[in-house]
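>>> Structure for the following, please:
(one chain, ligands or ions: 2)
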Amino acid sequence: MRVPSHLWEQLWPEVRRPGEHEPVVFGLVSHGVTPRGTIILVRELVMPPPTAFVRAAGHGAKWTGAYNIALLNETLERGLGIVIFHYHPGRADVQFSGDDEASARQLLPAFQVVAPGRPHGSIVLGESSATGLILLPNSSTLTGEISLRFFGDGNVVTFPRSKAKPEDLLLHRRQPLVAAAVSKSRLKDATIAVVGLSGGGTQVATQLAALGVGEIIGIDAQRVTGDNLVATDAFGWADILLSRRKATALRSKIWWINRRVRFTPVNALVPERPAIEALKRADAVIGCVNNLKSRADLQEIAWRYCIPYIDIGLGLYPLDPDDELSEIAAISGNVFAAVPGGPCLWCTGFLTQEKLEKEAGNANRSYLRTTLSQNNRRPAAYVSSFNGVLAALAVSDALQLLLGYAPSLSVRKQYDALSGTIAEIAVQKNPACPKCSDVLAAGEPLWQ
Ligand SMILES: [Zn+2]
Ligand SMILES: [Zn+2]
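Residues are numbered from 1 along each chain as shown. Ligands and ions are numbered 1, 2, ... in the order given. Now for the predicted structure:
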């Protein structure tokens, strides 16, 4: 189950609020299916008003039938499922009570009758754990195998927390970057998808391999060309001689760096089916693509399934775009980590409908000379080191997401390659952002 950061910020204090009755919060949820299991995505929270509750005889809260019906109707109309959250204080390893279980066994099948296409559940949260019962679509069996992921303070937190020894946890809290038990297992358990295996993406992948990330999914449909050699150190002359696909060539390279890392090559383009299926099961996506259309697609997929999306891009801007031999006015790069519930590429104005239309209508984009050179037979630009700077910043953001070694990520980093400096630009969520309201945690569309 995944909870975007802005909803977690409301959910966590609300379930722990002291009051007359045990506070209950309803999550309206969508879902997505991956080979590893079902991802339940919390799209919205409903805090029931005090009038909805009736005094309960046993443990916990009960609410009125009228409120139940109103909530169910609203949920059904919107094609969403219902997950009931509450909290048990004082225990690290939280347990479902007998009352909790009895009420879940009664309520969840009733929810399913009304909204059969979505999952429903009842979750109890503890200090650093979560448990409960879930009823998946097309199933009559309740399952208790749950992990809950939320995004707070720029890192990914999973309940229940790992069962590490107390001394290992203490070491990790104090020195998260030391390659010891906790940080090693967090990296080993992670799957990171890298999209676009040219100058930036290849250097991202090799650095992730060195860190010991468990699985790297490399997505690119192209073959290695001569232009790639000055853009990255990850390919060699033999890759060109053998006309190897980028994803395949990178797999060999990664194996030499760290043979414990699983590298999964995907020879496809986003948004082709194999690429989307691979992205859905990633814990983070790093986009190293050279056009806005692909960025828009990646941002949408990441938001649908609540996956952190780190975007890098390098632009080389001539003084006069119409002059083949124009001098360079600027070489500028961007790194931005979008964490579900925080600002997205649309919030920040990095993506706009206008920019996308302009790109679609204008084939001669002022992006990397390496890309242009393939069409125009111009020499490629020496940008391996510039790509390397951006790759290193993106990998650091990924490390921050997984290990939490620094404060929050809500800045965009702008790299000026001519001066060799990086500026931090504050980013803010746009409350009117259409993508954040329509797409975030939307999961897979339901066809009914
Ligand atoms: Zn309870
Ligand atoms: Zn947004």
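
>>> From now on I want contacts and neighbour counts done on CA atoms only, so please keep to that.
Fine.

>>> how much space is there between Ser122 and ligand 2?
29 Å (Cα to the ion, to the nearest Å).

>>> for Ala284, same thing?
18 Å.

>>> Am I right that that residue is in contact with Thr191?
Yes. Counting by Cα atoms under 8 Å, Thr191 is a contact partner of Ala284 at 7.0 Å.

>>> Now Ala231. Nearest residue, chain neighbours left out?
What sits nearest to Ala231 in space, not counting adjacent residues and going by Cα to Cα, 6 or more residues apart in numbering, is Ser384, at 3.9 Å.

>>> Which one's more surrounded, Ala284 and Thr191?
Using other Cα atoms under 10 Å as the criterion, Ala284 and Thr191 rank with Ala284 on top: 25 against 20.

>>> what sits against that one?
Shown in contact with Ala284 (Cα atoms under 8 Å, 6 or more residues apart in numbering): 191-193, 307-310, 398.

>>> the domain parsing of the protein - what is it?
For the chain, automatic domain parsing gives the domain ranges 2-161, 167-438.

>>> Make JSON lines out of the ones you listed and add distance to Pro445.
Output for the domains of the chain, formatted as JSON lines (distance: least, Cα to Cα, whole Å):
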{"stretch": "domain 2-161", "distance to Pro445": "9"}
{"stretch": "domain 167-438", "distance to Pro445": "10"}
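
>>> Turn these into a markdown table, including mean pLDDT.
Formatted as a markdown table, the domains of the chain follow (pLDDT from 0 to 100):
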| stretch | mean pLDDT |
| --- | --- |
| domain 2-161 | 88 |
| domain 167-438 | 91 |
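
>>> Out of these, the one nearest Glu444 is which?
Shortest distance between Glu444 and the domains of the chain, using Cα to Cα, is found for domain 2-161: 5.3 Å.

>>> circling back to that earlier point, these two touch, right, the residue nearest to Ala231 and Asp233?
Yes. Shown here, Ser384 and Asp233 form a contact pair, counting by Cα under 8 Å, at 7.0 Å.

>>> who has more neighbours, these two?
Between Ser384 and Asp233, counted using other Cα under 10 Å, the more crowded position is Ser384 (19 against 15).

>>> Please name the nearest non-neighbouring residue to the most centrally placed residue in the chain.
Taking Cα atoms, centre = their mean, the centroid of the chain lies closest to Ile307, which sits 1.6 Å from it. Distances taken as Cα to Cα, 6+ apart put Ala284 closest to Ile307, at 5.6 Å, once the chain neighbours are dropped.

>>> so where do the helices sit in this protein?
Assigned by DSSP state H, the helices in the chain fall at 5-15, 65-77, 98-114, 166-174, 181-188, 199-211, 237-241, 246-257, 273-280, 292-304, 353-361, 369-376, 384-403, 434-438.

>>> among those, which is nearest Glu327?
For Glu327, the closest of those is helix 369-376, at 12.5 Å, according to Cα to Cα.

>>> hmm, back to that, list the contacts for the residue nearest to the centre of the chain?
With Cα under 8 Å, 6+ apart, Ile307 has these contacts: 282-285, 339-340.

>>> With respect to Lys163, which of these is nearest?
Scanning the contacts of Ile307 for proximity to Lys163, where the rule is Cα to Cα, the winner is Asp283, at 20.0 Å.
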